[in-house]
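J.: can you look at this prediction? I've put the sequence above it.
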Number of protein chains: 2
Amino acid sequence: MVLGKGQPNGTAQGDLGLFELPDRLGGQIGFVLNKVARQLHAMFTESLEPLGIKPQHYAVLVLLDASSPLSQQAIGQRLYIDRTTMVHIVDDLEKRGLAVRAKNTADRRKHAVSITEPARKVVAEAGRMADSVQEQYLAPLSQNERRQLLQLLKRLLRP
Amino acid sequence: MVLGKGQPNGTAQGDLGLFELPDRLGGQIGFVLNKVARQLHAMFTESLEPLGIKPQHYAVLVLLDASSPLSQQAIGQRLYIDRTTMVHIVDDLEKRGLAVRAKNTADRRKHAVSITEPARKVVAEAGRMADSVQEQYLAPLSQNERRQLLQLLKRLLRP
DNA sequence: ATGGTTGGTCAGTTATACTGAACATCACAC
DNA sequence: GTGTGATGTTCAGTATAACTGACCAACCAT
């Protein structure tokens, strides 16, 4: 998966030219996409460590912060997260006191997952870290280019 | 990591508007990046199955096709692949008769990893599949936008 | 000859994603 | 009222990719 640390060492920032990819790979958006995603993910993961959460936790909390409660299925659908992975994420959040699973009286199949008050502070803090990491990693691009990149990526995202 | 299948089901192509991300996430390039990378990776992985290789195998073979032999360390550095992961990848390729580890007489610490002749055919076929998958997934973007996306991503990639 | 570094391997751990099966629950047709 | 199909969630796994730390052989500079 696109995650983790692992930058090649022994090279200075900006030495990318020293390791040109062959055209066959350099022309593959998927390849570069994976590596970029992994680098950014690793930076974000590291920055969140003091808060005791991971990027996936943050994403779920952001959604719940915006609108609580939601079912696990609804969260998963909006965040492109697998149903079993969602079970684990909510397990973790419950364990950390950052979310609760309540009964959904209208449909007993579903949990009513809600954010807790302490979690709102965590989300705010993590949001600042997210912005900081993004600012740092996207430094090679202008603001306009960043908007452009995001817009292009969003247009690719399939349901 | 950014990999696997897992698209939410029950929604039609183009229904993205139905599941807008909150700004806090939608504005995070990392989040969208991960999801896009995973989708493209899943498509490519699936398309390669008939050839019995995976995207990482393909990447290594492409590099070796361009220049053989190379040490595992050299391959890893150019493809942003961890040294232990590289061991497994070359193990797999050897097992499939697609690469060989020979002795490096100049430096006995290093293997001289080379592509095999049969593997060149696999690389060619996989390359066509890579192009096809990329063509399909990038369909929402114009040719110019695709070049732009790739260029922006490459500028972000750190050593 | 020695110490530091490098290349590679091994034995793990971690994160994310996924499948299939199972069960409780819901909605709907009859 | 009943049966059937679908849904939401959980469980028990598997898979992929990445990673760390330790270890050993080999290389290089001193």
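T.: Arrived safely. Nothing here was measured: the structure is a model prediction, and the numbers come from that model.
J.: and the helix or strand containing residue A:35, which residues are buried?
T.: Residue A:35 is part of helix A:29-48 when elements are defined by DSSP states H and E. Counting neighbours by 16 or more other CB atoms under 10 Å in any protein chain shown, one finds that the buried residues in helix A:29-48 are A:29-45, A:47-48. To be clear about C-beta, it is placed using only N, CA and C from the backbone, and glycine gets the same treatment.
J.: over to stretch A:124-137?
T.: Neighbour-count burial for stretch A:124-137, with 16+ other CB under 10 Å as criterion, is recorded at A:126-127, A:129-130, A:133-134, A:137.
J.: do the same with stretch A:101-111
T.: When burial is assessed from 16+ other CB under 10 Å, stretch A:101-111 yields the following buried residues: A:101, A:110-111.
J.: what does that stretch contact?
T.: Contact partners of stretch A:101-111, identified using CB atoms under 8 Å, 6 or more residues apart in numbering or on different chains, comprise A:69, A:71-73, A:90, A:94, A:112-114.
J.: the helix or strand containing residue A:102 and DNA strand D in contact?
T.: Residue A:102 is part of strand A:99-103 when elements are defined by DSSP H and E. Yes. With CB under 7 Å from any atom of the strand as the measure, strand A:99-103 is seen reaching DNA strand D through residue A:101.
J.: against residue A:100, how distant is residue A:87?
T.: Taking CB to CB, to the nearest Å as the measure, residue A:87 and residue A:100 are separated by 15 Å.
J.: centroid residue for chain A?
T.: When chain A is reduced to its mean C-alpha position, the nearest residue by CA atoms, centre = their mean turns out to be residue A:55, at 4.4 Å.
J.: now the element after the helix or strand that contains residue A:123, going C-ward?
T.: Element membership for residue A:123, per DSSP H and E: helix A:117-137. Past helix A:117-137, heading to the C-terminal end, the next element that is a helix or strand (DSSP H and E) is helix A:143-156.
J.: please determine whether that next one lies in contact with DNA strand C.
T.: No. Judged by CB under 7 Å from any atom of the strand, helix A:143-156 makes no contact with DNA strand C; its nearest approach is 15.0 Å.
J.: who does that helix touch, helix- and strand-wise?
T.: Helices and strands in packing contact with helix A:143-156 are listed as helix B:29-48, helix B:143-156; criterion 3 or more CB pairs under 8 Å, 6 or more residues apart in numbering or on different chains; DSSP states H and E.
J.: and it, which residues are buried?
T.: If you call a residue buried by 16+ other CB under 10 Å, then helix A:143-156 has these buried ones: A:145-146, A:148-150, A:152-154, A:156.
J.: okay if I get these as CSV plus distance to residue A:21?
T.: Below are these laid out as CSV (distance: CB to CB, whole Å):
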residue, distance to residue A:21
A:145, 21
A:146, 23
A:148, 22
A:149, 19
A:150, 24
A:152, 20
A:153, 20
A:154, 25
A:156, 21
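J.: in a markdown table, list the residues you listed along with distance to residue B:121 and pLDDT.
T.: Putting the buried residues of helix A:143-156 into a markdown table (distance: CB to CB, whole Å; pLDDT from 0 to 100) gives the following:
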| residue | distance to residue B:121 | pLDDT |
| --- | --- | --- |
| A:145 | 40 | 95 |
| A:146 | 41 | 93 |
| A:148 | 39 | 94 |
| A:149 | 36 | 94 |
| A:150 | 39 | 91 |
| A:152 | 34 | 94 |
| A:153 | 34 | 93 |
| A:154 | 38 | 91 |
| A:156 | 31 | 92 |
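J.: about what we covered before: between the strand holding residue A:102 and helix A:117-137, how big is the angle?
T.: Calculated by axes from the mean of the first three to the mean of the last three CA atoms, to 10 degrees, strand A:99-103 forms an angle of 130 degrees with helix A:117-137.
J.: now the angle between helix A:117-137 and the helix or strand following strand A:99-103, please.
T.: Tracing the chain C-terminally past strand A:99-103 and defining elements by DSSP H and E, one meets strand A:111-115 next. Orientation of strand A:111-115 against helix A:117-137 (the same axes, to 10 degrees) gives an angle of 70 degrees.
J.: buried sites along strand A:111-115?
T.: Applying a neighbour-count criterion of 16+ other CB under 10 Å, one finds A:111-113, A:115 buried in strand A:111-115.
J.: re earlier: quick one: pLDDT of the residue nearest to the centre of chain A?
T.: According to the model's per-residue confidence, residue A:55 sits at a pLDDT of 93.
J.: before I go, just wanted to say thanks for your time.
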